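Enquirer: Show me how the following folds:
(chains A, B, C and D)
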2 protein chains.
Amino acid sequence: MTRAGVTVDRLTRAAAELADEVGYENVTVSALARRFGVRDASLYSHIRSAHDLRVRVAALALTELADRAAAALAGRAGKDALVAFANAYRDYANQHPGRYAAMQMDLDADSVAAPAARRHAEMTRAILRGYRLAEPDQTDAVRMLHSTFHGFVSLERTGGFRHHPRGSDASWARALDALDALLRAWPQ
Amino acid sequence: MTRAGVTVDRLTRAAAELADEVGYENVTVSALARRFGVRDASLYSHIRSAHDLRVRVAALALTELADRAAAALAGRAGKDALVAFANAYRDYANQHPGRYAAMQMDLDADSVAAPAARRHAEMTRAILRGYRLAEPDQTDAVRMLHSTFHGFVSLERTGGFRHHPRGSDASWARALDALDALLRAWPQ
DNA sequence: ATCGGTTGCCTAGTAGCACTAGGCTAGCGC
DNA sequence: GCGCTAGCCTAGTGCTACTAGGCAACCGAT
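Expert: This next block holds a predicted model:
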């Protein structure tokens, strides 16, 4: 019998696909093993636990999103950069809901996802380059931006906006306009 | 043998307490049954499923939060109202993390939580009374407010802010100032 | 006061999940 | 070709959700 060729990377990528297909909370070791045509117990020589697997998916997602954010920000500044980043963020969340959900898990500083989380945080802070804010305003601003992006995407995904005829794209564009105006006026 | 006296309401309240203590994702029918000193199977004459139980917790939380929001908004307008609502929202989330997590679940329009969700939405919209916005700006603004509140609280809870010395209270106050300025300037 | 019927709780059982222990062998390095 | 590592296996534990069917506590009607 030839072997299935399971590796941690292949497991993580498959788990991320599974998360997008069936939802993050339905990513199980058993389902993943089925997808590889092996028994669930066989996966424990590659991953330590189900939690370990989910952390790896979170790290993958954070890295992918940081890559997209970096691409979106390249060569842009000010509102251009803000809008490009925000759209990259929202698009990623809607294209990869399972991966996005994984990103929201509690990640302690010593996990394998820590470098990815740090890089993601750096990219978010890079939006502000064009607005020239000093500390601690910069931190407050980046927290506000991240909150708005995450909150909007999260409510959009859980259906918070669907009971009203106003399209969420329009509200999103308006929110970005508002954030830009806010950042320009921030120092007061 | 005297009976345990389980009712749907007592189950829901106990499940909400359990959620706050051990986390929303760890609310199980078995754990709840243990808390009442009965077998897990016995609960299925009161609730239809674990999902049904979680929806009831969500409805309870939405109602409680709407009550707090109503109390916070009573007799206030403008920034006063905004800050009071926002603090009621954030305090509730931090005092009742499990209930708050339950609120974020997908609730279809025909669930038992629908009236509570509607009431919660109405309270959020009531913040804007003092700012006199017409549609569709009102909808855009209420979505932006809700996004910011939820996003901030959510990131705060999952530890997104803890790797930076700047206190989250200060960033929160700054975000509320910013939102107030935004709403006053909204019509442009 | 007793008698029915309802319903609250029970036992028993199925099936899926995470995870451990220990065995076998494929396929690599020598 | 030989041995060792590492990948996959079976077997088993215990927790979870949930169903079927039984018994007895309690409620209302006579």
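
Enquirer: how about the strands in chain A?
Expert: With DSSP state E as the criterion, chain A has no strands.

Enquirer: State the distance from the residue in chain A positioned nearest to chain B to DNA strand D.
Expert: In chain A, the residue that lies nearest chain B is residue A:151 (2.6 Å; Cβ to the nearest Cβ). Just so you know, the C-beta spots here come from the backbone N, C-alpha and C atoms, and that holds for glycine as well. Separation of residue A:151 from DNA strand D (Cβ to the nearest atom of the strand, to the nearest Å): 29 Å.

Enquirer: same thing with residue A:73?
Expert: On the measure of Cβ to the nearest atom of the strand, residue A:73 and DNA strand D end up 39 Å apart.

Enquirer: now residue A:44
Expert: According to Cβ to the nearest atom of the strand, residue A:44 stands 7 Å off from DNA strand D.

Enquirer: Contacts only, for residue A:84.
Expert: A:72-73, A:76 (Cβ atoms under 8 Å, 6 or more residues apart in numbering or on different chains).

Enquirer: Can you tell me which of the residues you listed are buried?
Expert: Neighbour-count burial (16 or more other Cβ atoms under 10 Å in any protein chain shown) is assigned, among these, to A:72-73, A:76.

Enquirer: hang on, the earlier thing: quick check: closest non-adjacent residue to the residue of chain A closest to chain B.
Expert: Excluding its sequence neighbours, the residue lying closest to residue A:151 (Cβ to Cβ, 6 or more residues apart in numbering or on different chains) is residue B:151, at 2.6 Å.

Enquirer: Quick check: buried residues in the longest helix along chain A?
Expert: With secondary structure taken from DSSP state H, chain A has its longest helix at helix A:50-73. Applying a neighbour-count criterion of 16+ other Cβ under 10 Å, one finds A:50, A:53-66, A:68-69, A:72-73 buried in helix A:50-73.

Enquirer: and DNA strand C, which of these reach it?
Expert: The subset of the buried residues of helix A:50-73 lying close to DNA strand C, counting by Cβ under 7 Å from any atom of the strand, consists of residue A:50.

Enquirer: who touches the helix or strand bottoming out on mean pLDDT in chain A?
Expert: The weakest-scoring helix or strand in chain A, judged by mean pLDDT, DSSP states H and E, is helix A:114-126 (a mean of 90). For helix A:114-126, the surrounding residues in contact (Cβ under 8 Å, 6+ apart) are A:58-60, A:62-63, A:65-66, A:69-70, A:73, A:81, A:85, A:107-108, A:138, A:142, A:145-146, B:163.

Enquirer: can you pull the buried residues of it?
Expert: Result for helix A:114-126 [16+ other Cβ under 10 Å]: buried residues A:114, A:116-117, A:119-121, A:123-124, A:126.

Enquirer: re earlier: present the contacts of residue A:84 as CSV; the columns should include pLDDT.
Expert: Formatted as CSV, the contacts of residue A:84 follow (pLDDT from 0 to 100):
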residue, pLDDT
A:72, 95
A:73, 93
A:76, 92
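
Enquirer: List just the nearest of those to DNA strand C.
Expert: residue A:72 (34.3 Å; Cβ to the nearest atom of the strand).

Enquirer: so who does the closest one touch?
Expert: A:81, A:84-85, A:87-88.

Enquirer: Now with 6 Å, please.
Expert: By Cβ atoms under 6 Å, 6 or more residues apart in numbering or on different chains, the residues touching residue A:72 are A:84-85, A:88.

Enquirer: and which of these is nearest DNA strand C?
Expert: For the contacts of residue A:72, the minimum distance to DNA strand C (Cβ to the nearest atom of the strand) is 31.0 Å, reached by residue A:88.

Enquirer: got the residues of chain A near chain B?
Expert: A:104, A:106, A:136, A:139-140, A:143-144, A:147-148, A:150-152, A:155, A:158-159, A:164, A:166, A:171, A:174-175, A:178, A:182 (Cβ under 6 Å from any Cβ of the partner chain).

Enquirer: Please pick the buried ones from these.
Expert: Burial by neighbour count, 16+ other Cβ under 10 Å: within those this picks out A:104, A:139-140, A:143-144, A:147-148, A:150-152, A:155, A:166, A:171, A:174-175, A:178, A:182.

Enquirer: Tell me where chain A has helices.
Expert: Per DSSP H, chain A has helices spanning A:8-22, A:29-36, A:50-73, A:78-95, A:97-103, A:114-126, A:137-157, A:168-185. These are given in chain order.

Enquirer: how far out from the middle of the chain is the longest one?
Expert: Helix A:50-73 has its average C-alpha position 6 Å from the chain's average C-alpha position, going by Cα atoms, centre = their mean, to the nearest Å.
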